[in-house]
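Colleague: Okay, here's the prediction I keep looking at, along with the sequence it came from:
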Amino acid sequence: MIKAMNSHDADARPAVDGRYDVVVVGAGAAGLNAALLLGRARREVAVIDAGEPRNAPAAHMHGFLSRDGLPPATLLELGRAEIARYGVRLVRGRVEEIEHGFSVRLEGGPVLAARRVLVATGLRDELPDIPGVRERWGRDVLHCPYCHGYEVGDQPLAVLGTHTGAVHQALLLRQWSDDVVFLTHTLDLSAHDCERLEARGLRIVEGEIDHLVVESGRLRGIELVDGRVLPRAAAFLFPRMVPHDELLTRLGCARDDTGWIATDRTGRTGVSGVWAAGNVIDPRAQVVTAAGMGAAAAFAINADLVDEDVRHAVEQHRAPAAASG
Ligand SMILES: Cc1cc2nc3c(=O)[nH]c(=O)nc-3n(C[C@H](O)[C@H](O)[C@H](O)COP(=O)(O)OP(=O)(O)OC[C@H]3O[C@@H](n4cnc5c(N)ncnc54)[C@H](O)[C@@H]3O)c2cc1C
């Protein structure tokens with residue numbers, strides 16, 4: 001039987017204090033999919049979300065079976081409607097702190113008690129300070145060939161040398177267009193990198209980028225400080241990806257030697273009762289994989305709760321016998 005069906009308007013309810021089996025922080029693909037499965041497992045679940053998903057600047061989301069091309073906001077709307085059907089409570093807000101036990105404190109004061117927490121807060125993309133990049137991010141300044149390469153295929157493309165990851169990105173991008181220019185900008189390319197790029201037919205252009213040329217709401221080209229303008233339809237760059245993992249580190253969750261929070265395959269961190277899923281622990285997670293990580297975490301959290309429920313049940317079951325003996 002489905003639990004309460006009345007939490008569709010949860011945002012409108014003023015007080016959020018209460019006790020939950022699981023509080024999920026973040027309602028992107030990872031958090032929503034976890035909440036869906038936990039709600040269907042008849043757990044009391046609250047999801048807190050600040051409403052800033054990473055792919056918000058993009059008009060379309062690609063590479064998600066059966067949802068290819070959907071606006072990212074529509075996927076999340078559908079997900080929110082689905083979790084509401086299972087009585088999951090969605091609260092708009094930002095979690096400031098999670099204390100052991102767990103108390104989940106929101107900005108402005110409300111506190112939710114939870115038996116387990118799942119942190120699915122994503123990451124932020126730090127962009128290079130090149131005029132035009134921020135405005136065109138997710139439109140025709142892109143980072144992921146798998147997400148947007150097909151849409152700009154066979155067009156004149158640029159890769160901006162702002163990060164060491166740009167060489168690999170450029171070699172990948174060549175799969176989608178045979179007109180890819182690599183702008184060295186601030187990057188020192190090794191002879192090995194130059195050889196690999198040139199062997200694959202990429203053109204290397206040395207010089208610092210001044211700004212992106214944007215006309216009529218579209219990227220038209222890239223202007224270098226020496227005045228040269230390279231007409232380009234889209235540009236790719238590798239952002240610095242910074243996980244929103246402060247809630248986890250303050251709880252004592254350790255990072256591994258890659259600098260990301262260490263978890264097992266279900267997203268279980270080293271701190272008992274604390275799970276994480278999606279981009280907050282894996283920069284490579286796409287929407288579909290973030291959703292999958294949320295599902296894996298939900299199964300593990302529910303199993304952990306079942307273990308605890310069984311332990312309590314056995315204690316209670318034995319208690320009368322112990323009292324009478
Ligand atoms: C421009 C762009 C386009 C992309 N296009 C695609 C694509 O086409 N296909 C694809 O598969 N992937 C795409 N991606 C990658 C995609 O954005 C991620 O894979 C996906 O968003 C990861 O989901 P997530 O749930 O881990 O994090 P997010 O979707 O970022 O969700 C995290 C949520 O947590 C909330 N949050 C953070 N901190 C707190 C807090 N303290 N309290 C409460 N809430 C908090 C945030 O506001 C946000 O709503 C794109 C990325 C970018 C940057």
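Modeller: Yep, it's here.
Colleague: pLDDT at the residue in the stretch 1-150 of the chain positioned nearest to the ligand, what is it?
Modeller: Residue nearest to the ligand within the stretch 1-150 of the chain (Cβ to the nearest ligand atom): residue 28, separated by 2.2 Å. Using the backbone N, CA and C atoms, a C-beta is placed for each residue, glycine as well. At residue 28, the predicted lDDT confidence score is 98.
Colleague: Chain neighbours aside, what residue packs nearest to it?
Modeller: Leaving aside its sequence neighbours, residue 28 sits nearest to residue 53 (Cβ to Cβ, 6 or more residues apart in numbering; 4.7 Å).
Colleague: ok, that neighbour - how many residues close by?
Modeller: When neighbours are defined as other Cβ atoms under 10 Å, residue 53 has 22 of them.
Colleague: Could you give the backbone dihedrals for the residue of the stretch 1-150 of the chain closest to the ligand?
Modeller: When read as degrees, to the nearest 10, the backbone of residue 28 gives phi -90, psi -160.
Colleague: so it touches residue 54, yeah?
Modeller: Yes. Here residue 28 reaches residue 54: they are 7.1 Å apart, a contact under Cβ atoms under 8 Å.
Colleague: would residue 182 count as being in a helix?
Modeller: No. Counting by DSSP: H, G, I helix; E, B strand; the rest coil, residue 182 is not found in a helix; it is strand.
Colleague: The ligand versus that one, what's the distance?
Modeller: Distance, residue 182 to the ligand, by Cβ to the nearest ligand atom, to the nearest Å: 21 Å.
Colleague: I'd assumed residue 200 was in contact with that residue.
Modeller: No. The pair residue 182 / residue 200 is not scored as a contact, 10.2 Å apart, by Cβ under 8 Å.
Colleague: circling back: which residues lie in contact with the residue nearest to residue 28 in this structure?
Modeller: 28, 72, 76, 122 (Cβ atoms under 8 Å, 6 or more residues apart in numbering).
Colleague: next one: residue 143
Modeller: Residue 143 touches 125, 169, 236, 237, 238, 239, counting by Cβ under 8 Å, 6+ apart.
Colleague: Just read off the phi/psi values of the third one.
Modeller: If I follow you right, that is residue 236. The phi/psi pair for residue 236 (degrees, to the nearest 10) reads phi -120, psi 140.
Colleague: what's around it, how many residues?
Modeller: Neighbours of residue 236 under the rule other Cβ under 10 Å: 25.
Colleague: Also the second one?
Modeller: Applying other Cβ under 10 Å, we find 20 other residues in the vicinity of residue 169.
Colleague: so who does the nearest residue to it once chain neighbours are set aside touch?
Modeller: Counting by Cβ to Cβ, 6+ apart, residue 169 lies nearest to residue 238, which is 5.3 Å off, once chain neighbours are set aside. Residue 238 makes contacts with 143, 162, 163, 164, 165, 166, 169, as judged by Cβ under 8 Å, 6+ apart.
Colleague: Columns pLDDT on top of those, output as TSV?
Modeller: TSV is the format used below for those (pLDDT from 0 to 100):
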residue	pLDDT
143	97
162	95
163	93
164	92
165	93
166	96
169	96
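Colleague: Dump those residues into TSV; add distance to residue 64 as well.
Modeller: Output for the contacts of residue 238, formatted as TSV (distance: Cβ to Cβ, whole Å):
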residue	distance to residue 64
143	17
162	28
163	26
164	29
165	23
166	26
169	21
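Colleague: Narrow those to those that are buried.
Modeller: The neighbour count (16 or more other Cβ atoms under 10 Å) marks 143, 162, 163, 166, 169 as buried among the contacts of residue 238.
Colleague: near the ligand, which of the residues you listed show up?
Modeller: For the ligand, no contacts are drawn from these by Cβ under 6 Å from any ligand atom.
Colleague: coming back round to it: quick one: which of residue 182 and residue 200 has more around it?
Modeller: Between residue 182 and residue 200, counted using other Cβ under 10 Å, residue 182 has the larger neighbour count: 28 against 14.
Colleague: which phi and psi does the residue nearest to residue 28 have?
Modeller: With angles defined as degrees, to the nearest 10, residue 53 sits at phi -70, psi 150.
Colleague: Verify the contact between residue 271 and residue 253 for me.
Modeller: Yes. Contact status for residue 271 versus residue 253: in contact at 5.2 Å, counting by Cβ under 8 Å.
Colleague: Looking at those two, which is more packed in?
Modeller: The residue with more neighbours, out of residue 271 and residue 253, is residue 253; 20 against 16, by other Cβ under 10 Å.
Colleague: Find the nearest non-adjacent residue to the more buried one, please.
Modeller: Nearest residue to residue 253 in three dimensions, chain neighbours excluded: residue 269, at 4.2 Å (Cβ to Cβ, 6+ apart).
Colleague: Check residue 214 too.
Modeller: residue 132 (5.3 Å).
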